[in-house]
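> Output the structure for:
(one chain, ligands or ions: 2)
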Amino acid sequence: MGLNVVMMGPPGAGKGTQAARFARQRGVPKISTGDMLRDGIRDGNSVALEAKALMDMGQLVDDRTMIAIVQERLSRSDTAHGFVLDGFPRTVSQAEALDRLVASHGNGPLVIVNVTVPEDELVRRLATRRICESCGTTADPVVPGAAGCPVCGGTLVQRIDDDARVVLERLRVYEESTRPVLEYYRSRPAFRAVNGAQSPECVAQELESVIEQASAVPASFGRSQSRESE
Ligand code: AP5
Ligand code: MG
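Ligands and ions are numbered 1, 2, ... in the order given. Have a look, this model is predicted:
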């Protein structure tokens, strides 16, 4: 059985930070749809370039495109022992499609982790985040005059969608389209929440522990017995 983790949470909750750490530790791929789109834009991929205008405005890319991207990624052999999804699913249609993909993938159920952080902290984090314009690495904290990207030395820039007005729109879109996905998952025995408003190390520890517990729950355990409130 593989370990298939879905990281849920609003923009800036730390999904990418924690997904990268957990995936590295467990030797499974991190599948971040936002990173895939941004990499595609850098590489001149036509689908990603078409999505760029929506991303820059804080809107979601259409379900059909996103499901196709994830379907292709999950078909690769490196997902045989599991994966960590970051940024997908973001709509109930995407969550339904993921259930179908996982059923045909056949390597085990999903563990869903919702990372919770108060909104004022999300806004603060996104205002200060910088990413490398060459390789996309998130480089924090921002030290004025700091050298470039710790990975490739590239220039650090603000994500276009981290502009204050776009962040508010992303939070609105999250409430409208992605919060219902939590309701879709909430009654599952392998649904958990972690407090994302702690140091990254403490979040990682809590995440490890809830994933450990959740993956020990038999898939057949009563669907109505939710373990966490959010
Ligand atoms: P995406 O890239 O997925 O953006 P997002 O969900 O808005 O989330 P972020 O990447 O902003 O936040 P995060 O939770 O990963 O936090 P991070 O770890 O970086 O999507 C971008 C766009 O692509 C979407 O708006 C949409 O247009 C499109 N898209 C992508 N997937 C899609 C889909 N499935 N369907 C439709 N459209 C899709 O952390 C944030 C900051 O906080 C960093 O600076 C970090 O260093 C810092 N930080 C992290 N943890 C902590 C901590 N514990 N304490 C203090 N600081 C912390
Ligand atoms: Mg991210």
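
> What count of nearby residues applies to whatever residue of the chain ends up closest to ligand 1?
Here the residue of the chain nearest ligand 1 is G34; by C-beta to the nearest ligand atom that distance is 1.9 Å. The way it works is simple: take the backbone N, C-alpha and C, and place the C-beta from them, glycine included. Residues lying near G34 (other C-beta atoms under 10 Å) number 19.

> cool, and the one 4 residues further on?
Here the count is done by other C-beta under 10 Å, and R38 has 20 residues near it.

> Surely it is in contact with T137?
No: in this structure R38 lies outside contact range of T137 using C-beta atoms under 8 Å: 11.1 Å.

> can you give me the end-to-end distance of stretch 165-182?
Using C-alpha to C-alpha, to the nearest Å, the end-to-end distance of stretch 165-182 comes to 25 Å.

> Please compute how far it lies from its chain's middle.
14 Å (C-alpha atoms, centre = their mean, to the nearest Å).

> likewise stretch 195-204?
Worked out by C-alpha atoms, centre = their mean, stretch 195-204 lies 15 Å from the chain centre.

> where does the chain have low pLDDT?
Across the chain, the stretches falling below the confidence threshold (pLDDT under 70) are 140-146, 217-230.

> which parts of it sit against ligand 1?
Residues of the chain lying near ligand 1 by C-beta under 6 Å from any ligand atom: 9, 11-17, 33-34, 37, 54-55, 58-61, 66, 87-88, 90, 94, 125, 129, 138, 140, 161, 170, 196, 199-200, 203.

> ok, D86 touching G16?
Yes: D86 is within contact range of G16, at 5.4 Å (criterion: C-beta under 8 Å).

> Looking at the two, which is more packed in?
Per other C-beta under 10 Å, whichever of D86 and G16 has more neighbours is D86, with 25 against 21.

> In contact with the nearest residue to T65 once chain neighbours are set aside, which residues are there?
Leaving aside its sequence neighbours, T65 sits nearest to V47 (C-beta to C-beta, 6 or more residues apart in numbering; 6.3 Å). The neighbours of V47, taking C-beta atoms under 8 Å, 6 or more residues apart in numbering as the test, are G40, T65, I69.
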